[in-house]
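Asks: I would like to see how this sequence folds:
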Amino acid sequence: MLDIADSVVRRTVVREHVSRRERLLHEFHTLALQHFREEHTVGFYADRLAVSRQYLTRVLRAETGRGVTDILSELLLAEARSLLLSTMLQVGEVAERLGFGDTAVFCKFFRRHVGCTPLAFRRQRGL
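Replies: So this is what the prediction gives:
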């Protein structure tokens, strides 16, 4: 019985080494989830991860097929949809919670990605 267990252990590859790219990807996702509401720039994340903006973007595109701004936009849009549908916050308050200094900029961002304004999005859902 011990021989079988020993054989299984030998065949099981335990991955002790995580590549720099994988570590960077993990650290970016952790950082993005913590800060996407207030930090929307590639530079912020690159600086915090001690890499260049170009390197961070290149690694994310290679590993996920999406760039930094794409990932941040997805997080912002998911949070915006959630706030618009689950709260009675004004659009300006949603914009403020998501780190947009100007409601118009938030509305333009939302419309570009969703296809309608935040208010129209809310109305379409019957709220």
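Asks: what's downstream of whichever strand or helix holds Thr30, the next helix or strand?
Replies: Secondary structure from DSSP states H and E places Thr30 in helix 20-35. Once the chain leaves helix 20-35, the next helix or strand it forms, by DSSP H and E, is helix 42-49.
Asks: now the helix holding Thr30 against helix 42-49, angle please.
Replies: If you take axes from the mean of the first three to the mean of the last three CA atoms, to 10 degrees, helix 20-35 sits at 120 degrees to helix 42-49.
Asks: ok, and what's touching helix 20-35?
Replies: 18, 44-45, 48-49, 51, 56, 59-60, 62-64, 68, 71-72, 75 (CB atoms under 8 Å, 6 or more residues apart in numbering). (Glycine included, C-beta is placed from N, CA and C.)
Asks: can you give me the helices for this structure?
Replies: Secondary structure of the chain (DSSP state H): helices located at 2-11, 20-35, 42-49, 53-64, 68-86, 91-97, 103-114, 118-124.
Asks: who does the last one touch, helix- and strand-wise?
Replies: Spelled out, that is helix 118-124. helix 68-86, helix 91-97, helix 103-114 (3 or more CB pairs under 8 Å, 6 or more residues apart in numbering; DSSP states H and E).
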